[in-house]
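*Asks:* Could you work out the structure for the sequence below:
(3 chains)
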Amino acid sequence: MSALLALVERLHFPFIIVLISVGLWLWLGADGLLKRVAGLALAHSALVLFFLASGFAARADAPLLAPGEAPFARRYSDPAPQALMLGVIVGAAGAAALALALVVRIREAYGLTAFDALAPADADAEAEAQAQAQAQAQADAEGPAP
Amino acid sequence: MSGTALLALCLLAPLAQGGALLAAGLLPRAPAVREGASILLAFCHAGLALALLQATFAGDRGMLVLAEPLPGARLAFANDPLGAAIAALIALLSALGALYGAGHGRASGVIAPARAGAFAAGAAGMACAASLAANLLTFFAAYVGLMLLAFSLIVQDGAPASRAAGRRFLRILLSAAIGLLLPAIIWTYAVADGVDFRPGGVLEGKVATVEANVLLLLFVFGLGQATPPPFHRWAIAGTRTPAAAAAIVHGVALPSVGALGVLKVSLYVFGPAMEYARAAAVAILALALAGAVAASIAALSKPDLRERLAYSTLAQMGLAVAGAMIASPAGAFASAFQIVAHAVAKFTLHLVAGAVEVVTGRTAAPDYEGLGRRMPWAFSAFALAALSIAGAPPLAGAWASLWLIAGAGEAGMGWAVVLILACGAAGFCYACPLAARALFGPSPAYPFSRPDAASVLVIFPAAAGGLATLGLLFLVDPMARFLAPSLR
Amino acid sequence: MNAAAADLARAHAPALVVALPILAAALAALCSAPRLAWAIAIAGAGGVALLAGQIAVSVWGQGAQSYAMGGWPAPLGVELRVDALAAFGLVVTSVAFLAGLIAGAGPARSELAPPRQSLAAALALSALTALLAMIVAGDAFVLFVALQLNACAGAALTALGGERDRSALPAAFRQLTAGLLGALLFGLGAGLLYAATGALDLALIGAVLNASENARSTAAALGLMIVGAGVAAMLAPLHVGAAGALGRGPRFAALLGAAQAAAGLMVLARLIALVVAAASPPLLEGARAGLAALAAAGAVFAAVQAAGAKDLARLAAYGLAAQAGACALGLAAATPAGVQGALFQVLAQTLAAFALFAAASRLGRGGAPIPMARLDGLGRRRPLTAATLALGVLTLAGAPLTAGFIAKWMVLQAAVQGGLWWGAAGMMASALVMVAACGRVLERLYFQPPSAAPRAERSGGRGGGRLRRARRARFRSAGGRD
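*Replies:* Residues are numbered from 1 along each chain as shown, chains lettered A, B, ... in the order given. The predicted structure follows:
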């Protein structure tokens, strides 16, 4: 058990780095918008773990003990980051919800959720609108003549 | 009146003139009111500038501080002898220009004469403000203001070609001003804790050799209005400006302010520190003189007269910059007198070119043949101004060239003397045969578009300018004595 | 009673300045009447501006103050720090925001469907909360949360524009991504610092960092935090999300953009103060060089974007980003003169951007795009709007004697004196490009004949066909040639 804990203690930092990299890769690189939102959540989770881990020191005792009292827990971690991370979890959830809402709206407006396809779709629509406007203008110009 | 009050009035007068013109522009039916007010205020400005010069002569130094946006860098004006002399020159010529503008505007039907007149008055005012600036910050503000007003005049007819020319004009001058001049000013401010024009220079003892050389290059090339190659091509855009405004803006204000800037930088920013910037100064001197010779030769090939005048401006300003770079009292005076002589002669040539444009409807040099028989006063003035540009004694240009040769000889630069003489010879070739053919050639055969346009309002300023190139002969010595203390 | 309440408000001003807008936001969200919601928003922002003024006066009189949230002082509790920097930021941000709301409420009412309006007011107030929290926070964690809230509120505001123009939705997503990413990087940096020093309070970190030996992780942490704050400050090239959204979102949201950049720059200023306080020469040098490189490159990049912008609002947004680069260069000098110049630059750029966005919201009624051709001959047709635009553009370009010129002068001088030559050179290059971008606008305003305008408008993009035709008819009846 203690060997496992020691392993975790050694490996937590690389693990968090891997986690955050995967999160960022998905968040910034994925084509599907939903995947991006998932990446966002993953990256934020990694941030939470990072803070929690940095408040977690090996062989640390609880600081407030009466003289002579035995430590009531073998392992102790700093409560401040834990309290703070509650806030981050709430914030991340809110942000993910907002992102999901945006995805819904984008899907309504464009009919697709592939991020890289959105700008070309806009360009197409613009070209079409221009062609229509030109046709309209021609009709305007020809209409009143006779 | 005290020097400070005169300074303030001298700066306010062109503003009032421009404002009056714009206000009168709202009553398009009463051109006489507009022109009367403009001419009156322009002559007031000239009178005030002369009074300021007189006060400066009497030793009354005023200082007008408007604001201090940065510690040690104020928005301030002062009447040092050099600045006051150039301001008086610009104001006098601007008054003649206002007369000419009234006559020429009626005959040529220029678009929005009120606006053009107001911009020209504003440009003259900005040029005066730049001449009287007490420090680099104020000079820079007035310099950019002048540039913008000149741009407005270039594009004022709204034609696509004008707009393209205006854009090129602004691109060259503004990029030089912001990219080179402003960094140089801020660098000076950072090094010397001040940007005042001070006899003896602010940089003395503050810069090492490398810094001094780089700073001088930044300053001179940043002052694009002094036409240092390769920042000279803006001058061609002057052909798009209405003739009356071109005389005062492209003939006088822009090149004079640019060359004055170079002179003031060498005297009042560097001072003795020019010694450290020897290498850059000699390089600029060589470039300016070579550019002057090249521009003189190029002017020969230009049939359009206004374009030829623009190239001639490049050549003449090259001489003025060269004088400032010699960094001796003789060189500095040569530069100052070159500014004066060039302004008067070029102003006259522009006026005659504008008059020919409106009378005959033609602008090419071959069409000038024999015009002197129809417009004798104008072409007598033209001949005087052309001879002055070519540096023929006893006209104004000759004294400037002589002082310059003396300065270069003193400094032991024989090659510079050769280049100056070459420039004079080329100047003779592009200006004098033209004047001679106009005076003595056979009467022109083509019909005139408006033979009645050459009213006295148009001819008198040109004739006055021509006489002035001759009269400057008597001013060389007083001016040398007046300026001597401030050129050391 | 009144006097007692006033005293209470004065004593708790640093907390109230954050609490007031979020409470008003909740209230506005509950309002169904749009008019009432906007009234609440303006009243809330007005109250914040008054409080900010009060804080500024008290800081002027008594110097920097620290407010312990809930009576828990710094190491355990959350500290709000009100010093001269924060007081300046509070006043600039709250006044700019108030002005933006007043000028933007009208356009917003024509731009958004009534049910969305109370939502828009509430979101604007939430954004204000985030900005104010960014300025007064004395604690890295509070800063992180404020950055997150800023990203969310800003993106939601942008998304409101999706009704008119669907391209606002991807822009909002991009803004959310960029903002949250910035916040996340900032949070990671804060975590690294916490691991190294055991403190989250910026003043404490500054004091402890000196003794810390983990130089590399500290440098990484500061770099991450600077990048994170740079996103909020719209520092190019980190501005892609926010600046793009300013040009595409609803107009009234763009009006609030100036305040946003100002608050982000305040966070940067705080970080630089932290680095200076740490008194570690290699760390300071690294931070200075890094920030100056970011600032100079960003200023050039954004200026080039502004020069190429086809839409007025986008030009204003990129211009703002370029100005933020100038400000960051002043901060990078890390001298009193540099910070002074940077703060003056914040003032100048806020004014300029406000003028531009206000003119844009007047021109693009109902949030229609404003292609550059719309500006042709505007000086004749609408002299007042044109003059506003011209003044804003002149300040942006740093025309002599404008506030922008003085500010750039101060920044450049500080950079030169601080040895950041190349930063100053980049800044000058950016200024040159900005002059070209702004000159183009001025030329169109005053030197281009207006006859070309309707033709260009027709090809000017989607939306508002009826409006366009009406305009054309008006133009014809005014005697123009089509």
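*Asks:* use CA for all of it now, contacts and neighbours both
*Replies:* Fine.
*Asks:* Report whether stretch C:77-96 contacts chain A.
*Replies:* No: using CA under 8 Å from any CA of the partner chain, stretch C:77-96 stays clear of chain A, with a minimum separation of 9.5 Å.
*Asks:* Flag every buried residue along that stretch.
*Replies:* Buried residues in stretch C:77-96, counted by 16 or more other CA atoms under 10 Å in any protein chain shown: C:78-96.
*Asks:* where does chain A dip in pLDDT?
*Replies:* The model of chain A has pLDDT under 70 over residues A:1, A:56-66, A:69-76, A:143-146.
*Asks:* Okay, the most centrally placed residue in it and residue C:238: tell me how far apart.
*Replies:* Nearest residue to the geometric centre of chain A (CA atoms, centre = their mean): residue A:40, 1.4 Å. Going from residue A:40 to residue C:238 by CA to CA, to the nearest Å gives 18 Å.
*Asks:* Next: residue C:278.
*Replies:* Residue C:278 is 26 Å from residue C:238, by CA to CA.
*Asks:* can you check residue A:95 too?
*Replies:* 20 Å.
*Asks:* And the next helix or strand past the helix or strand where residue B:283 lies?
*Replies:* Using DSSP states H and E, residue B:283 falls within helix B:278-300. Going down the chain from helix B:278-300, the next helix or strand is helix B:305-326, by DSSP H and E.
*Asks:* Packing partners of that following helix?
*Replies:* The helices and strands touching helix B:305-326, judged by 3 or more CA pairs under 8 Å, 6 or more residues apart in numbering or on different chains; DSSP states H and E, are helix B:254-264, helix B:278-300, helix B:329-360, helix B:396-410, helix B:414-440.
*Asks:* mind redoing it with 7 Å?
*Replies:* Under the contact criterion of 3 or more CA pairs under 7 Å, 6 or more residues apart in numbering or on different chains; DSSP states H and E, helix B:305-326 touches helix B:254-264, helix B:278-300, helix B:329-360, helix B:396-410.
*Asks:* and the longest helix along chain A, is it in reach of chain C?
*Replies:* Looking across chain A with DSSP state H, the single longest helix is helix A:79-110. Yes: Helix A:79-110 is in contact with chain C by CA under 7 Å from any CA of the partner chain, via A:95, A:99, A:102, A:106, A:109.
*Asks:* mind listing the helices for the stretch 251-400 of chain C?
*Replies:* Under the criterion DSSP state H, counting those that start in this stretch, the stretch 251-400 of chain C contains helices at C:251-255, C:257-278, C:281-308, C:312-333, C:336-363, C:378-381, C:383-397.
*Asks:* hmm, who's touching the shortest one?
*Replies:* Going back to what we said before, that points to helix C:378-381. C:386, C:445, C:446 (CA atoms under 7 Å, 6 or more residues apart in numbering or on different chains).
*Asks:* Equivalent analysis for the second one, please.
*Replies:* Applying CA under 7 Å, 6+ apart, the set of residues contacting helix C:257-278 from outside is C:89, C:93, C:96-97, C:131, C:134-135, C:202, C:206-207, C:209-210, C:226, C:229-230, C:232-234, C:246, C:284, C:331, C:334, C:346, C:350, C:353-354.
*Asks:* Also the first one?
*Replies:* With contact meaning CA under 7 Å, 6+ apart, helix C:251-255 is reached by C:100, C:104-105, C:107-108, C:157-158, C:246, C:354, C:357-358, C:361, C:367.
*Asks:* Could you export the residues you listed as JSON lines, including distance to residue B:382, pLDDT and neighbour count?
*Replies:* Below are those laid out as JSON lines (distance: CA to CA, whole Å; pLDDT from 0 to 100; neighbours: other CA atoms under 10 Å in any protein chain shown):
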{"residue": "C:100", "distance to residue B:382": "61", "pLDDT": "90", "neighbour count": "24"}
{"residue": "C:104", "distance to residue B:382": "62", "pLDDT": "85", "neighbour count": "24"}
{"residue": "C:105", "distance to residue B:382": "65", "pLDDT": "85", "neighbour count": "23"}
{"residue": "C:107", "distance to residue B:382": "62", "pLDDT": "80", "neighbour count": "20"}
{"residue": "C:108", "distance to residue B:382": "66", "pLDDT": "82", "neighbour count": "26"}
{"residue": "C:157", "distance to residue B:382": "69", "pLDDT": "91", "neighbour count": "27"}
{"residue": "C:158", "distance to residue B:382": "67", "pLDDT": "90", "neighbour count": "30"}
{"residue": "C:246", "distance to residue B:382": "60", "pLDDT": "79", "neighbour count": "31"}
{"residue": "C:354", "distance to residue B:382": "55", "pLDDT": "89", "neighbour count": "28"}
{"residue": "C:357", "distance to residue B:382": "54", "pLDDT": "87", "neighbour count": "33"}
{"residue": "C:358", "distance to residue B:382": "55", "pLDDT": "86", "neighbour count": "25"}
{"residue": "C:361", "distance to residue B:382": "56", "pLDDT": "82", "neighbour count": "26"}
{"residue": "C:367", "distance to residue B:382": "61", "pLDDT": "65", "neighbour count": "25"}
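*Asks:* Just send those back as a markdown table, with distance to residue B:320 too.
*Replies:* Formatted as a markdown table, those follow (distance: CA to CA, whole Å):
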| residue | distance to residue B:320 |
| --- | --- |
| C:100 | 53 |
| C:104 | 56 |
| C:105 | 59 |
| C:107 | 57 |
| C:108 | 60 |
| C:157 | 61 |
| C:158 | 59 |
| C:246 | 51 |
| C:354 | 46 |
| C:357 | 47 |
| C:358 | 48 |
| C:361 | 51 |
| C:367 | 56 |
